[in-house]
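Peer 1: predicted model and sequence follow; I will ask about them next.
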Amino acid sequence: MTSIGQREKRTSPEPLAALLGLARRLPGPWHTSSSNIAMEPVVVRAAETEWRVNVHAYAVRNHLTDPRQVEVTVGLTISTDRLPTGPAGRARATRWQRHLAKRLAALGYEGRWGRSPDGPFAHFHRKLRRVSEVPAAIRRLQRMRF
């Protein structure tokens with residue numbers, strides 16, 4: 001058992017990292033096709049609501065037109081399964097959603113709010129030029145005040 005902030009020591013590679021390691025031992029020419037990393041979800045409280053926020057980064061190779069070209073994206077999903085009760089609480093949540101969408105757009109993110117069977121859901125993403133830009137983009141998202 002681990003406490004918060006500690007990680008279990010592993011003697012073998014994590015399964016996803018192990019798959020990448022297989023490529024050099026398999027017959028035939030292999031290359032990476034895509035990569036996706038995601039932070040552990042965090043819960044933020046805004047507009048009388050607890051929102052789950054998931055931050056991720058994704059890179060995918062363009063096999064169709066130019067295999068040297070890689071598209072890099074940083075994004076976040078935001079969701080809740082419990083909105084405030086009453087019209088005033090729901091109105092505050094709606095205003096917060098609009099305000100957050102505008103703030104993310106000002107940082108270059110595209111996306112929108114929608115509804116899932118569980119409640120409000122949003123996905124915002126931003127294309128980057130290089131993988132080296134990912135850490136700075138993630139830090140900017142982490143500094144955002146919700």
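Peer 2: Sure thing, it's come through.
Peer 1: tell me which residues touch R126, please.
Peer 2: R126 makes contact with 73-75, 107-110, 137, according to Cβ atoms under 8 Å, 6 or more residues apart in numbering. For the C-beta atoms, the positions are set from N, CA and C on the backbone; glycine is no exception.
Peer 1: quick one: secondary structure of it?
Peer 2: Secondary structure assignment for R126 (DSSP: H, G, I helix; E, B strand; the rest coil): strand.
Peer 1: G114 and S132, how far apart?
Peer 2: 32 Å (Cβ to Cβ, to the nearest Å).
Peer 1: ugh, wrong one, L64
Peer 2: When Cβ to Cβ is the yardstick, L64 and S132 sit 25 Å from each other.
Peer 1: which of the contacts of R126 has the most neighbours?
Peer 2: Greatest neighbour count in the contacts of R126, by other Cβ atoms under 10 Å, goes to V74: 23 neighbours.
Peer 1: please verify my assumption that that residue contacts L141.
Peer 2: Yes - with contacts counted by Cβ atoms under 8 Å, V74 reaches L141, the gap being 7.3 Å.
Peer 1: list residues touching both of those two?
Peer 2: Contacts common to V74 and L141, judged by Cβ under 8 Å, 6+ apart, are V55.
Peer 1: pull the contacting residues for R82.
Peer 2: 49-50, 119 are the contacts of R82 under Cβ under 8 Å, 6+ apart.
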